Each structure stands twice: as C-alpha cells, then as structure tokens.
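Trainee: I would like the atomic coordinates for the input below:
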Amino acid sequence: MARELAELRDMDLATLVEELRASKQEALNLRFRHATGQLENTAELGKVKRQIARINMLIRQGEIAAAEMAGK
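Mentor: Numbering: from 1, shown residues only. I've put the predicted structure just below:
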C-alpha cells in the first residue's frame with residue numbers, strides 16, 4: 001500500500017484525503033494484528049506511520065499554498 005512520495009505529490013487534495021483515510025485504517029489493522037501476535041513483519045507499522053506523515057505533510061503544504069494564493 002505504501003506509495004512513493006512523487007506518486008503522492010501528483011494526487012489532488014481529495015485523493016490525498018482518501019489515501020490518508022485508507023492508511024489510517026491499515027495502521028489500525030496492523031496494530032490489532034500486532035497486539036494479537038498475528039503480525040510477523042513489525043516493520044510494516046513504521047512504514048504505514050511514515051506514509052501517514054507524508055500524506056499529512058502534503059495536505060498541509062497544499063493548505064499553506066492555497067492560503068498564500070488567497071492572500072495575494
């Protein structure tokens with residue numbers, strides 16, 4: 001599910017929000033699997049957390065850019 005940063009940069013805001021929702025759901029599922037001992041590769045948790053952080057960063061950058069354009 002993890003996407004490259006360049007691929008995320010090409011997405012519009014609505015797609016990023018949907019990707020964020022899906023990534024948060026995946027993180028929740030991984031946490032449950034980890035808690036029940038069913039998760040073999042625990043590195044997946046870190047990958048999904050970084051993915052969520054990247055998406056949040058891109059959404060915030062878009063908000064800042066929109067605010068700057070509105071101010072001009």
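
Trainee: can we go C-alpha only for contacts and neighbour counts from here?
Mentor: OK.

Trainee: and Met1, what pLDDT?
Mentor: pLDDT recorded at Met1 is 57.

Trainee: actually, Asp10.
Mentor: 91.

Trainee: what about it, how many residues nearby?
Mentor: Close neighbours of Asp10, defined as other Cα atoms under 10 Å, add up to 10.

Trainee: and it, how far is that from Lys24?
Mentor: Going from Asp10 to Lys24 by Cα to Cα, to the nearest Å gives 20 Å.

Trainee: for Leu5, same thing?
Mentor: Distance from Leu5 to Lys24, by Cα to Cα: 17 Å.

Trainee: give me the more crowded residue out of the two.
Mentor: Lys24 (16 against 12).

Trainee: which residues touch the more buried one?
Mentor: Val48, Ile52 (Cα atoms under 8 Å, 6 or more residues apart in numbering).

Trainee: any idea which element the residue nearest the centre of the chain lies in?
Mentor: In the chain, the C-alpha closest to the average C-alpha coordinate belongs to Ile52, at a distance of 2.7 Å (Cα atoms, centre = their mean). Using DSSP states H and E, the secondary-structure element containing Ile52 is helix 43-71.

Trainee: can you name every helix or strand that the helix or strand bottoming out on mean pLDDT in the chain contacts?
Mentor: Sorting the helices and strands of the chain by mean pLDDT, DSSP states H and E puts helix 5-9 at the bottom, at a mean of 90. Judged by 3 or more Cα pairs under 8 Å, 6 or more residues apart in numbering; DSSP states H and E, helix 5-9 is in contact with helix 43-71.

Trainee: show me where pLDDT drops low in this structure?
Mentor: The chain contains residues with pLDDT under 70 at 1-2.

Trainee: ok, 90 please
Mentor: Along the chain, segments meeting pLDDT under 90 span 1-6, 71-72.

Trainee: buried residues in the one helix or strand Phe32 maps to?
Mentor: Using DSSP H and E, the element containing Phe32 is helix 13-35. Neighbour counts over helix 13-35 (16 or more other Cα atoms under 10 Å) mark Leu13, Leu16, Glu19, Leu20, Ser23, Lys24, Glu26, Ala27, Leu30, Arg31 as buried.
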